[in-house]
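Visitor: sequence and predicted structure are below.
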Protein chains: 2
Amino acid sequence: MDKKALYNLSYGVFMVGTRSGDKKNGCITNTCIQVTNDPLKVAAAVINANYTAELIKESGRFTLSMLDKSVSFDTIKHFGFQSGRNVNKLEGLTLPEDDNGIPYMGWSACAMLSLKVTDSIDLGSHTLFIAEVTDAKVLSDKAPLTYADYQNDVKPKPAQVSTDKKIKGWKCKICGYVYEGSELPKDYLCPICGHGPDDFEPIYE
Amino acid sequence: MDKKALYNLSYGVFMVGTRSGDKKNGCITNTCIQVTNDPLKVAAAVINANYTAELIKESGRFTLSMLDKSVSFDTIKHFGFQSGRNVNKLEGLTLPEDDNGIPYMGWSACAMLSLKVTDSIDLGSHTLFIAEVTDAKVLSDKAPLTYADYQNDVKPKPAQVSTDKKIKGWKCKICGYVYEGSELPKDYLCPICGHGPDDFEPIYE
């Protein structure tokens, strides 16, 4: 089995907005598809270890903002590379909110959906939420960012590694988990969030 | 609610290969996402009215070929615009088969997955299949076709309509359903396959 085949699946890139009571959060995902037209429903997969999954399970609602090609790496990093459990990602930001008071993107997004969970399937590492679209807005006429665009155009290329620096570990850029050791196995998967070697960065001595 | 917001969701374009006993089929879909890493699983939505859904439910297995940017409109038309109930789409074609004897694309595809259904959710018009990846192959180094590429580069542009021809109906290009009447309502959805006005073509008197 050649797992690289999976790299050829095409995705968008989304900011998932959540709120449960006073707790609000936003994170980045790339797995959402429309599954029915009438009623209009989508399916979205979210990592169970993430704060976002916890808030969606509590409230049964979320928003999905479709990021467009103008998005900066800083925006992705802000929502995607830190956990809402440790940081209030919305502090100091003025994000618009939908009719349910759930935040969505006020910049770099071409469309948004307000979603109400109707079914969910626990798949171990992830939950797949099936959700009805209760509102939908076009936010700009910019083209949506695909995950391939993100990899090719938005994500910074790894800096040349100087050979006199010794690697003592690898940090998962998605959830922050640290693997101790100089060589990360090629088929390694983060035990916390399930991401592979491409999402780890070296920690130098 | 502005349903055009949903046009900004990004997808790939896939040939779904099926086999139940001696019955084999292939059709085109655009809704598949990876949902877990370990075990490796995907979710794919298939229209219940389609022969493909029937064969997947019978056998619990299917293949998914990720079409690449070299695909022709004729290929999409062959697998996507006719039903396996009326036509043996594989007759005269020599498609490769996976370890379970299920056909996949031998051309214009950059990767394939062999899939075994582990869960399914009936969503009315569609079934969402959750399936474990039992095999995966990279087939070429061509870039995967996105649904946006299909709309912009592969699908023929509608011919200029001469005003002296009168429209008597609209035919769904996905499933062949015919709407009788000169004007298709803007929010019309095909009662058979659920597709909207963009997927209908005029029938002239």
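Guide: Alright, I've got the coordinates. Numbering: from 1, shown residues only, chains lettered A, B, ... in the order given.
Visitor: outline the domain layout of chain A.
Guide: A:10-153, A:158-204 (automatic domain parsing).
Visitor: for the last one, give the mean pLDDT please.
Guide: Yep, that's domain A:158-204 we're talking about. In this model, domain A:158-204 carries a mean pLDDT of 83.
Visitor: just stretch A:11-23 next, same as before
Guide: Stretch A:11-23 comes out at a mean pLDDT of 96.
Visitor: and it, what's buried?
Guide: A:11, A:12, A:13, A:14, A:15, A:16, A:17, A:18, A:19, A:20 (16 or more other CB atoms under 10 Å in any protein chain shown). In this view, the C-beta of every residue, glycine as well, is placed from N, C-alpha and C.
Visitor: could those residues go into JSON lines alongside distance to residue B:141 and secondary structure?
Guide: Formatted as JSON lines, those follow (distance: CB to CB, whole Å; DSSP: H, G, I helix; E, B strand; the rest coil):
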{"residue": "A:11", "distance to residue B:141": "19", "secondary structure": "coil"}
{"residue": "A:12", "distance to residue B:141": "23", "secondary structure": "strand"}
{"residue": "A:13", "distance to residue B:141": "23", "secondary structure": "coil"}
{"residue": "A:14", "distance to residue B:141": "28", "secondary structure": "strand"}
{"residue": "A:15", "distance to residue B:141": "32", "secondary structure": "strand"}
{"residue": "A:16", "distance to residue B:141": "32", "secondary structure": "strand"}
{"residue": "A:17", "distance to residue B:141": "37", "secondary structure": "strand"}
{"residue": "A:18", "distance to residue B:141": "39", "secondary structure": "strand"}
{"residue": "A:19", "distance to residue B:141": "44", "secondary structure": "strand"}
{"residue": "A:20", "distance to residue B:141": "45", "secondary structure": "strand"}
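Visitor: what about chain B: which of these touch it?
Guide: With CB under 8 Å from any CB of the partner chain as the criterion, these include A:11, A:12 near chain B.
Visitor: tell me the one of the buried residues of stretch A:11-23 nearest chain B?
Guide: In terms of CB to the nearest CB, no member of these lies closer to chain B than residue A:12, at 3.6 Å.
Visitor: nearest residue to that closest one in space, please, no chain neighbours.
Guide: residue B:10 (3.6 Å; CB to CB, 6 or more residues apart in numbering or on different chains).
Visitor: contacting residues around the one you found?
Guide: Residues near residue B:10 by CB atoms under 8 Å, 6 or more residues apart in numbering or on different chains: A:10, A:11, A:12, A:66, A:144, A:145, A:146, A:147, B:146, B:147, B:148.
Visitor: top of those by neighbour count?
Guide: residue A:66 (29 neighbours; other CB atoms under 10 Å in any protein chain shown).
Visitor: my guess is it meets residue A:146, correct?
Guide: No. Counting by CB atoms under 8 Å, residue A:66 does not reach residue A:146; the two are 10.5 Å apart.
Visitor: output the domains of chain A in CSV; the columns should cover distance to residue B:103.
Guide: Below are the domains of chain A laid out as CSV (distance: least, CB to CB, whole Å):
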stretch, distance to residue B:103
domain A:10-153, 22
domain A:158-204, 29
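Visitor: quick one: which of these is nearest residue B:36?
Guide: Shortest distance between residue B:36 and those, using CB to CB, is found for domain A:10-153: 5.0 Å.
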